[in-house]
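S.K.: Provided below are the primary sequence and the corresponding predicted coordinates.
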Amino acid sequence: MKKVESAGPDRLDRERLIEENLHLVKIIAYQVAVNLPPHIDVGDLIGAGMVGLLEAIDRFDAGRGVQFNTYASIRVRGAMLDELRSMDWMTRSMRDKSSSLERAYGAVERRTGRPAETDEVAKVMKISVDDLHALLSEVAALSVMNLEDLGIKGADQGMDILDCIVDPNGADPLAAVRLTELKKTVTEAVEGLPEKEKMVIALYYHEELTLKEIGKVLDITESRVCQLHTQTMHRLKARLKHYRAA
């Protein structure tokens, strides 16, 4: 994918960028949809993603040192997540299970001072490791951390907390100081992850590989990559929980 050299493309450039990035919208839509309930129409996600792509084209500024495909991915994914939130598709049961995972990871890591092992988390939750893996797959779609979920107001709608590492200029000036502090905290939290989880984060958010492609790189199944990503997000949520109450 080509890098855009200037902000505010003219009509022909705009049409070219739309045509060149249609596949990006579809790829992200199917990534997001893979763990969603069957009643969620992927077409709705693609439609929301197209809105995000148009916003990305209109708002992109090459002077920020971010490639267009990286910036567009953030905006497209964010628009899809906003669409999902507006549907309020998540059941109370799913929310409760996600919260239980977050608490379990946090409890183990506060007690041990290191990343929680799978068997330790399973023990805290009083379930088997196999049941924990199944639970991680079940709540995979809830693994995105939105800035507003962590109490950071004024950020771009739908911006993921890990997107701050890629594009730290997403918040308005009123949130800049706190976002800078949060970015440092997130970076430190990511650095403290187990090596395989750090690799998943790097390949998914920076290299923008699909879960299937990451599985090939790490020589594990796509479903295992999905579990690792979900596990990582709940681990990070637990570490950053204090920002919600701040």
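M.R.: Nice, thanks for sending it over.

S.K.: grab the longest helix from this structure for me.
M.R.: Longest helix of the chain, by residue count under DSSP state H: helix 11-33.

S.K.: tell me what that helix is packed against?
M.R.: helix 42-59, helix 68-87 (3 or more C-beta pairs under 8 Å, 6 or more residues apart in numbering; DSSP states H and E). The way it works is simple: take the backbone N, C-alpha and C, and place the C-beta from them, glycine included.

S.K.: neighbouring contacts of that helix?
M.R.: 1-2, 4, 9, 40, 42, 45-46, 49-50, 52-54, 57-58, 68-69, 72-73, 76-77, 80-81, 84, 141, 210-211 (C-beta atoms under 8 Å, 6 or more residues apart in numbering).

S.K.: let's have the helices and strands packed on helix 11-33 in JSON lines, adding mean neighbour count.
M.R.: Formatted as JSON lines, those follow (neighbours: other C-beta atoms under 10 Å):
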{"stretch": "helix 42-59", "mean neighbour count": "19"}
{"stretch": "helix 68-87", "mean neighbour count": "21"}
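
S.K.: which of those has the lowest mean pLDDT?
M.R.: Among the helices and strands packed on helix 11-33, helix 68-87 carries the lowest mean pLDDT, at a mean of 81.

S.K.: buried ones in the following helix or strand past it?
M.R.: Counting by DSSP states H and E, the element after helix 68-87 in chain order, helix or strand, is helix 92-112. Within helix 92-112, the residues that count as buried by 16 or more other C-beta atoms under 10 Å are 97, 98, 100, 101, 102, 103, 104, 105, 106, 107, 108, 109.
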